[in-house]
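Engineer: what follows is a predicted structure for the sequence shown.
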Amino acid sequence: MYKRKLLLISIIFGTFVGFIFIFKFYKIFFLNNTKFKNDYSYVFIDRDDTIDSLKNQLLPLLKSIKDFDIAAYKKGYTYNIKPGKYKIDRGMGNNKIINSLRSKRLAVKVTFNNQERLEDLAGRISYQIEADSLDLLNSFKNISFLKEFGFNEENALSMYFPNTYEVYWDILPDDFRKKMENYFKSFWNQKRLNLANAIKLNPKEIYILASIVQKESVKNEEKNRIAGVYINRLRRNMKLQADPTVIYALKKLNNNYNRIIKRVLYRDLKIESRYNTYRYKGLPPGPISMPDISSIEAVLNYEKHDYLYFVVSPSKPGYHLFSKSLKKHNENKKKYTRWLNKYKIYR
């Protein structure tokens, strides 16, 4: 009788212990361990992250970091952390969380436009991927790369096109540059190269001219006409006399690219700079900004006309008055100057 009671107690105790073990196992691996209210949350793991730094990042997202730590160790994840962007869905248990962090790396979308320098571009990109701006800039300015593809530091920006690109969070700077190089090559297909050759400009020069057109107007319907003016001037060996190039030269001279200049003064036209197209003929040595694709297409498909001059229209801001003669241009310019003075736009 005693033995039967002892056996029964042992069975009950064993069942209880087994239940406790199963419950703990289920809790650690399968029970909901998320505490955020959104449908999902993203985790960004850097190359130098460890299990401890990852746990710090997960602290506001998970109910029990201790349970996650145990599950990570049991599943062999503790010393096999992989960098990248990952998604955790609300209601996930540790088993699914770790599986997601282990094998479901997501791409991030990198967007940039209207950057004036490689430095600005590197800074903009660094906010969207793991790589810092200095490493990106060093890659963009790599001398061997620039020489191999016929670039220099002044025109290297012309390899980068404003767009949204999908890359992995932990992409290396050289790999990102390679992606941009591939896009550059695909953009300059035979059709576009033929159009550039017809203008007698290479892709880098088209990009530079497009950057000037970009700064001259935000109206896409005018860009082709403005491009036509500059191409007419280039063909006649005239100076471009583009105010945006003078503004860029002033910013470059003072190393202040955040400066806002609304009006170019006569004294500015004398500044010594290869970017000052009032002093030097031809295109500046590099782009003055990153042009939109629409501006590049406007140059490639420029409007054929006889205009040689244009100035902002006082009666229709954002648009321009075009003229074929210097006399008519000076008349239009006087109207524009009176408009600037009326609204006290002196700089």
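Structural biologist: Nice, I can see it.
Engineer: could you use CA atoms for every contact and neighbour count after this?
Structural biologist: Noted.
Engineer: where along the protein do the strands fall?
Structural biologist: 40-45, 84-89, 107-112, 163-168, 309-312, 320-323 (DSSP state E).
Engineer: tell me the most buried of those strands?
Structural biologist: Counting by mean count of other CA atoms under 10 Å, strand 309-312 has the highest mean neighbour count of the strands of the chain, with a mean of 21.
Engineer: what are the boundaries of the helices in the stretch 151-300 of the chain?
Structural biologist: 173-187, 190-199, 203-216, 220-235, 243-254, 293-300 (DSSP state H, counting those that start in this stretch).
Engineer: same list (those) but as TSV, adding distance to residue 39, mean neighbour count and mean pLDDT.
Structural biologist: As requested, the helices of the stretch 151-300 of the chain are arranged in TSV below (distance: least, CA to CA, whole Å; neighbours: other CA atoms under 10 Å; pLDDT from 0 to 100):
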stretch	distance to residue 39	mean neighbour count	mean pLDDT
helix 173-187	31	15	97
helix 190-199	45	14	98
helix 203-216	41	24	97
helix 220-235	40	21	97
helix 243-254	46	20	95
helix 293-300	36	22	97
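Engineer: reformat the strands of the chain as JSON lines; add distance to residue 26.
Structural biologist: JSON lines is the format used below for those (distance: least, CA to CA, whole Å):
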{"stretch": "strand 40-45", "distance to residue 26": "22"}
{"stretch": "strand 84-89", "distance to residue 26": "18"}
{"stretch": "strand 107-112", "distance to residue 26": "32"}
{"stretch": "strand 163-168", "distance to residue 26": "33"}
{"stretch": "strand 309-312", "distance to residue 26": "72"}
{"stretch": "strand 320-323", "distance to residue 26": "71"}
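Engineer: columns distance to residue 188 and mean pLDDT on top of those, output as TSV?
Structural biologist: Listed next are these as TSV, based on distance: least, CA to CA, whole Å; pLDDT from 0 to 100:
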stretch	distance to residue 188	mean pLDDT
strand 40-45	35	96
strand 84-89	32	96
strand 107-112	19	96
strand 163-168	15	97
strand 309-312	30	94
strand 320-323	30	96
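Engineer: apart from its neighbours in sequence, what residue is nearest the most centrally placed residue in the chain?
Structural biologist: In the chain, the centroid-proximal residue (CA atoms, centre = their mean) is residue 112; its distance is 2.6 Å. Nearest non-adjacent residue to residue 112, counting by CA to CA, 6 or more residues apart in numbering: residue 162, 5.4 Å away.
Engineer: what of residue 339?
Structural biologist: If the residues on either side of it in the chain are set aside, residue 339 comes closest to residue 314, at 6.1 Å by CA to CA, 6+ apart.
Engineer: just put the helices of the stretch 151-300 of the chain in CSV and tack on distance to residue 338.
Structural biologist: Shown next, in CSV, are those (distance: least, CA to CA, whole Å):
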stretch, distance to residue 338
helix 173-187, 43
helix 190-199, 36
helix 203-216, 20
helix 220-235, 23
helix 243-254, 18
helix 293-300, 30
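Engineer: indicate which one of the ones you listed is closest to residue 29.
Structural biologist: Evaluated over those, closeness to residue 29 peaks at helix 173-187, with 36.8 Å, by CA to CA.
Engineer: residues in contact with that closest one?
Structural biologist: Outside helix 173-187, the residues that touch it by CA atoms under 8 Å, 6 or more residues apart in numbering are 131, 135-136, 139-140, 159-161, 167.
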